[in-house]
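**Student:** Okay, sequence plus prediction incoming.
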Amino acid sequence: MSRCLFLILLLPLFWLSGCDTAADRTTIIQFWAMGQEGERVQALLPEFERRHPGLRVRVQSLPWSAAHEKLLTAYAGNALPDLFQLGNTWIPEFVALRAIAPLDEGLRTWPDPALTDYFPGILAANRLNGQTYALPWYVDTRLFFYRTDLLAAAGFTKPPATWDEWLRAMQTLKNLGGGERYAILLPINEWQLPVILALQYGATLLRDRDQYGDFQNPRFREAFVFYLGLFKQGLAPPVSNNQMANLYQEFANGAFAIYVSGPWNIGEFGRRLPATMQGQWNTAPLPTLPADALAPAGKNSSLNTEVGLSLAGGASLAISRTSPHQEAVWKLLNFLAEPEQQVRFYQFTGDLPARQSAWADPALTNNRYAQAFREQLRRVQATPPIPEWERIAQRIAYYAELAIRKQLSVDEALATLNQDVDRILEKRRWLIGQGMITP
Amino acid sequence: MMRYEWRIALSGWIFLAPALLLITVFFFLPVIAALLLSFTDFDIYALGDLHRLRFIGFNNYLQLLQSPLFWTALGNTFYFVIIGGPLSVAVSLSAALLINSRLIHCPSLFRTLLFLPVVTTLVAVAVVWRYLYHPHYGLLNYGLSLLSVGPIDWLGDPDWAMPALILMAVWKNFGFNMIIFIAGLQNIPVTLYEAARIDGADAWRQFRHITLPLLGPTFLLVALITVIGYFQVFAEPYIMTQGGPTNSTLSIVLLMYEEGFRWWNMGYASAVAFVLFTLILVATALQLRLRQRSD
């Protein structure tokens, strides 16, 4: 009896070793992707495996909430997959770790217009020190989701295009709501909006080759004061996003009329808002700061000034430096970057394609909510490309929250923010001083 | 004779060896490594290239002591321990007394019911409690509104977030201590109570002079377990509030987790861990000392 049990316990081992011998003939590419992308990308892969009979892709799906830690731990344990998805603000970190392979040499084999097909602001977020380290997979930026009916009732048939219009619209919305309504929802634990406003004001956030915080700069201060003003005037409720039990319900109730969010909410709004609410909402690019409000150096815009600046977000694909299957991985990367695959991926996930030619597909041109993103994506900027950025961003949100709750004055908040950031950047200054990293 | 004793000792060591080996590899070595780590600035840069590692002596500890965030976390943790700990012990003792008394008909049923929160997954519990605490739709605020008390933003208000977490933690954990107390209560000989009743002692005096003194060792055990556990509070704020609003629920372990696994400042996080270790050591020693004195 016990011998029988022993054999049963051993069976999986035989099976596993059987797997290994089968694997000798084909190359297996390990690919890690996050959340729904990790699940839905599998639908693209049969086509890839059909084209490349010797290659098999094994996808592992990680939840977004644990992905960053898992990738770092995998790096520490020398267990990174061949190809992996990463948020594009993580790229500097993985470059500092020397975990990802530079791509420029491999990209030379691409036909020339291929790279220019990417949204320039997004591609810039994937480049560091003149080298491309990751390829944008899908893109993400923040803009307005708004209630068309409420804005129309406030006298705005078009979304606000400038800050002045935006402020006027919000005040009217607030007044019409009779105390029950806020004009806009800006979760106070998110750093994105204060940073977007500061970038629109032409603030650089960090100074001296990203070695010190630059938050007492008048431009940042002005943007920060404007942001705090939205709460002070009662246009935005001082709540964090985990206090919102059901954002979609509140939006449908008209508890707020504008929400600054990203493309994932196109699908969510479509699914979760009641049927009566469909057709009553839309997306719009961020308003611009009128040029005369900017200090002279801020007017660097040969860019399209119809649309206000937003953040270059999204996810990219990177190749592990230690991957033994570089050639095979490149095939997969090239495949996933094809415009046709980008369109199919959009159809499966709703993730917006990184390549502009993919946007010509009817699947996207027919989506009325996606058009604002296309406009916005031409006017995006990346956050400072340093590994410490995420941490600094959290400090910005934290001190903004303290200032909103009036626990600190504006100047105290900005001074302590600067101190904190200078401390976070101490190691970076030392490494630059030692010549161990080039800024 | 000597030789025989030596052989006994040897066989003892051989029997212990597997366990000792495991403890050394998986406990002592990591602890020593963490101690060494706490004297370095091990971070994301050092993870990529060990040449970027600096030995910085006690700098992590000094920086920690100067960091307002650490003091916030320390204050929050003490708040949690000092309010939550005694509250939890008091609730579990009351529940144990109730179940152990003759007032209740079906003690095993109540014991099971009151123990249920302990075995429930904390994440599931936290999700349900988040609904209870919701400022508009929450059951708790609905109850308060019946008493014409205005709505409280339990998890969103910096002043209320910690009490809200303590309430949930006490509810979640008291069952475990209750079981220990019940065992302690059942060990008290019934004859003592009978004797006391004959001498005319009322319920309060029986409790004061028989139950409490004889529960002494149980009390010490429960207090130690509770304090050690509450000093390490992590999951409640991690799931319910992520340390917010404005860090009012940031605990020491949450700070350590964020520093270590979110920002990958392993050196600094190790220093946090050793400070916490020292704190718990001191608190435990204090309790034992107090106990000895009262004995």
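**Tutor:** That came in fine, so what should we check first?

**Student:** Please list all residues in contact with the residue in chain A that chain B sits nearest to.
**Tutor:** Nearest residue of chain A to chain B: A:Leu97, at 3.8 Å (CB to the nearest CB). Every C-beta, even on glycine, is put in place using the N, C-alpha and C of the backbone. Counting by CB atoms under 8 Å, 6 or more residues apart in numbering or on different chains, A:Leu97 touches A:Leu72, A:Tyr75, B:Ile44, B:Leu47, B:Gly48.

**Student:** near chain A, which residues of chain B?
**Tutor:** B:41, B:43-45, B:47-49, B:51-52, B:54, B:130-131, B:134-137, B:153, B:155-156, B:158, B:241-242, B:244-247, B:261-264 (CB under 8 Å from any CB of the partner chain).

**Student:** among the contacts of A:Leu97, which are in strands?
**Tutor:** Nothing among the contacts of A:Leu97 maps onto strands, per DSSP state E.

**Student:** got a markdown table for the residues you listed, with neighbour count too?
**Tutor:** Shown next, in a markdown table, are the contacts of A:Leu97 (neighbours: other CB atoms under 10 Å in any protein chain shown):
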| residue | neighbour count |
| --- | --- |
| A:Leu72 | 21 |
| A:Tyr75 | 22 |
| B:Ile44 | 22 |
| B:Leu47 | 20 |
| B:Gly48 | 20 |
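
**Student:** out of those, which one sits closest to B:Ala164?
**Tutor:** A:Leu72 (32.3 Å; CB to CB).

**Student:** is it true that the closest one touches B:Trp263?
**Tutor:** No. Contact between A:Leu72 and B:Trp263 fails when scored by CB atoms under 8 Å: they sit 10.3 Å apart.

**Student:** Which residues are in contact with each of those two?
**Tutor:** Counting by CB under 8 Å, 6+ apart, the residues touching both A:Leu72 and B:Trp263 are B:Ile44.

**Student:** Nearest residue to A:Trp359 in space, please, no chain neighbours.
**Tutor:** A:Arg374 (5.7 Å; CB to CB, 6 or more residues apart in numbering or on different chains).

**Student:** Let me fix that, I meant to ask about A:Leu103.
**Tutor:** Using CB to CB, 6+ apart, the closest residue to A:Leu103 is A:Thr132 (4.6 Å).

**Student:** How far does stretch A:138-152 sit from its chain's centre?
**Tutor:** 16 Å (CA atoms, centre = their mean, to the nearest Å).

**Student:** typo on my end, stretch B:204-217
**Tutor:** With CA atoms, centre = their mean as the basis, the mean position of stretch B:204-217 lies at 25 Å from the chain mean.

**Student:** How about stretch A:170-177?
**Tutor:** Using CA atoms, centre = their mean, the offset of stretch A:170-177 from its chain centre is 31 Å.

**Student:** ok, now which ones touch residue 38?
**Tutor:** Let's take chain A. So A:Gly38 contacts A:Trp32, A:Val59, A:Gln60, A:Ser61, A:Leu62, A:Gln85 (CB under 8 Å, 6+ apart).

**Student:** Let me rephrase: I mean chain B.
**Tutor:** B:Asn60, B:Tyr61, B:Gly267, B:Ser270, B:Ala271, B:Ala273, B:Phe274.
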